[in-house]
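Peer 1: Take this sequence and fold it.
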Amino acid sequence: MLNFIYYPVSFIMWVWHKAFGFVFGADSGISWVLAVIFLVFTLRAILYKPFVGQVRSMRKMQEMAPEMQKLRKKYANDKQKLAAEMQKLQSENGANPLGGCLPVLVQVPVFIGLFHVLREFKPGKTENYFFGADEVRSFVDSDFFGAKLGASVVNTQYSTTSLAELGGNLTSQLIVMIPLMIIAGIFTHITARHSVARQAANPAAMANSQTAIMNKLMLYVFPIGVVVGGPFLPLAILFYWVSNNLWTLGQQYVVYKRIDAEEAEKKEKASAQRNSLAPKPGQKPQRDVRGVTDGATNGAAPADEVEIDSNGSGDGDPSAAPAKKPGAKPVNKPKPGAKPVGGKPANRPAGQGGRPGGGNRTQARKGKKRR
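Peer 2: Numbers count the residues shown, from 1 in each chain. As a prediction, the model looks like this:
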């Protein structure tokens, strides 16, 4: 029924056994152990990009934790509205909670497939999916320091071929399996601790009770489960478990370091952009005077620093005159202390007698005659 899982798993293992069998020999236990280990590495290499997406999704979910906590309090009595608002928040931030589960979900069928393929390595069997009769016999006869890869210490009806059927002995099996069980439990704990340490950087995310429970399960229950369940698993599965945790540790280090570097670079760029737009210390703001924003644009001095003569030109030099808006009237503004040009006061029309207040006296006389 699950041949779509069993065939790909057996094929990858078959390819690696052929490669390492060419170096160490087809019947060597080392060739079979390396075939299992590189089956793990092949799978994890295929899942590298989904793992990066998982880390990014987890980072976004952690950043959204305060907003999600507010929504839980606001819609505590309306589950339907809460689900809609949560989905809206995740959509706006580009977060996908299911994206973080994909690498784990894919590894589950591979684990099941490998377990099933190992069960089918039985004495006298003529084929095992991609493996032929000679390769089945090679696996049954091989051992790793006296321990049989397809046998477990404790056999059940769902377990693999018994240790006696494969021609092994309990002492050799325990000598190899016990250290592997302990190592598998330790690596599982270290991997979980590394993940929890990343979450600890966000107190809002750690405040969630479900997250706290899950972290405790990852830190303590899963590692203990590996050690306790080790005797019921084939030796090859323990090699699978140890190599999988080793890959996870290395991959977490590389991916987290890369994402941290990307975020630091983004922060530096944003800070540099803000600094470039901010005014420098002591810098005066630019003013727009008579349409001239900055006299430096045309090489002339600012408009309020140009000397204006009676004709409205700057110091008699047309090239030095500031640019004027179309239709603007000339402004005859003398410099402080300058004498009027032509003996007349500055800004006085000629028709007012040339004296201050001349126009007002003439109007006063006309008013008296009318009376």
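
Peer 1: For the host helix or strand of Arg72, what does the pLDDT average out to?
Peer 2: If you go by DSSP states H and E, Arg72 is part of helix 65-74. Mean pLDDT, taken over the full extent of helix 65-74, equals 81.

Peer 1: Tell me the buried residues in that helix?
Peer 2: 65, 68, 71 (16 or more other CB atoms under 10 Å). From N, CA and C alone the C-beta is placed, and that goes for glycine too.

Peer 1: what does stretch 118-137 give?
Peer 2: By 16+ other CB under 10 Å, the buried positions in stretch 118-137 come out as 118, 120-121, 128-131, 135-137.

Peer 1: Now do Val176 against Asp143, distance only.
Peer 2: Distance of Val176 to Asp143, computed by CB to CB, to the nearest Å: 9 Å.

Peer 1: What about the buried residues of stretch 118-137, which are in helices?
Peer 2: 118, 135-137 (DSSP state H).

Peer 1: in a helix, that's where Ala26 is, yeah?
Peer 2: No. Applying DSSP: H, G, I helix; E, B strand; the rest coil, one finds Ala26 to be coil, outside a helix.

Peer 1: quick one on the thing from earlier: quick one: least confident of the ones in helices among the buried residues of stretch 118-137?
Peer 2: Across those, the bottom pLDDT score, 86, is held by Leu118.

Peer 1: Wait, that one touches Ile237, no?
Peer 2: Yes. Leu118 is in contact with Ile237 according to CB atoms under 8 Å; the separation is 7.1 Å.

Peer 1: pretty sure Val110 is touching Leu2, no?
Peer 2: No. Contact criterion CB under 8 Å: Val110 and Leu2 do not qualify, at 11.4 Å.

Peer 1: Looking at those two, which is more packed in?
Peer 2: Val110 (21 against 11; other CB atoms under 10 Å).

Peer 1: other SSEs contacting the host helix or strand of the more buried one?
Peer 2: According to DSSP H and E, Val110 maps onto helix 102-119. Here helix 102-119 touches helix 3-24, helix 29-46, helix 48-63, helix 235-277, going by 3 or more CB pairs under 8 Å, 6 or more residues apart in numbering; DSSP states H and E.

Peer 1: Swap in 6 Å and give it another go.
Peer 2: Judged by 3 or more CB pairs under 6 Å, 6 or more residues apart in numbering; DSSP states H and E, the packing partners of helix 102-119 are helix 3-24, helix 48-63.

Peer 1: could you redo those helices as CSV and give each row distance to Glu92 and mean neighbour count?
Peer 2: Listed next are the helices and strands packed on helix 102-119 as CSV, based on distance: least, CB to CB, whole Å; neighbours: other CB atoms under 10 Å:
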stretch, distance to Glu92, mean neighbour count
helix 3-24, 37, 17
helix 48-63, 11, 17
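
Peer 1: Quickly, which of these bottoms out on average pLDDT?
Peer 2: helix 48-63 (a mean of 78).

Peer 1: Give me the helices and strands touching that helix, please.
Peer 2: helix 102-119.

Peer 1: switch the cut-off to 8 Å
Peer 2: Contacts defined by 3+ CB pairs under 8 Å, 6+ apart place helix 48-63 against helix 102-119, helix 170-199, helix 203-206, helix 235-277.

Peer 1: which one among the buried residues of helix 65-74 gets closest to Ala212?
Peer 2: Nearest to Ala212 out of the buried residues of helix 65-74 is Ala65 (CB to CB; 12.8 Å).

Peer 1: what's Phe144 sitting at in phi/psi?
Peer 2: phi -120, psi 100 (degrees, to the nearest 10).
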